[in-house]
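> give me coordinates for this.
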Amino acid sequence: MENDLNNDEQEYPGYSAAMEELEGILSELEGDDPDVDELAAHVERAAFLIRTSRQRIRKTRLQVEEVVLSLDDDD
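Predicted coordinates:
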């Protein structure tokens, strides 16, 4: 069970961890000698991280909007 959690954390990192990983991928790709054998895997991972981060942002925005609306209801 613990391995499943660790795999999930690696596959679905938090927003900050995803941004850090994306920066690392970008740095590697922008380097003088990017590893062509790993290029597709890096691009796929980057796309996954971007999609996941966008979903987290949308979810967070909706949660914040709900909180703000609930504050308006208190008036």
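> which residues in the chain form helices?
Secondary structure of the chain (DSSP state H): helices located at 2-11, 15-30, 36-73.
> tell me the most buried of the ones you listed?
Most buried of these by mean neighbour count (mean count of other C-beta atoms under 10 Å) is helix 15-30; its value is a mean of 13. In short, each C-beta sits where N, CA and C put it, glycine included.
> how distant is it from the center of its chain?
From the chain centre to the centre of helix 15-30 is a distance of 10 Å (C-alpha atoms, centre = their mean, to the nearest Å).
> give me the residues contacting it.
Here helix 15-30 makes contact (C-beta atoms under 8 Å, 6 or more residues apart in numbering) with 13, 34-35, 39, 42, 45-46, 49-50, 52-53, 56-57.
> just to revisit the earlier point, got the helices of the chain as CSV, with mean pLDDT columns?
Formatted as CSV, these follow (pLDDT from 0 to 100):
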stretch, mean pLDDT
helix 2-11, 49
helix 15-30, 94
helix 36-73, 93
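> check the contacts of helix 15-30 and tell me the two furthest apart.
Greatest spatial distance among the contacts of helix 15-30 (C-beta to C-beta): 35 and 57, at 30.2 Å.
> against residue 69, how distant is the residue lying closest to residue 39 once chain neighbours are set aside?
Using C-beta to C-beta, 6 or more residues apart in numbering and skipping residues adjacent in sequence, the residue nearest residue 39 is residue 29, 7.4 Å away. Separation of residue 29 from residue 69 (C-beta to C-beta, to the nearest Å): 42 Å.
> same question, residue 50
Separation of residue 50 from residue 69 (C-beta to C-beta) stands at 29 Å.
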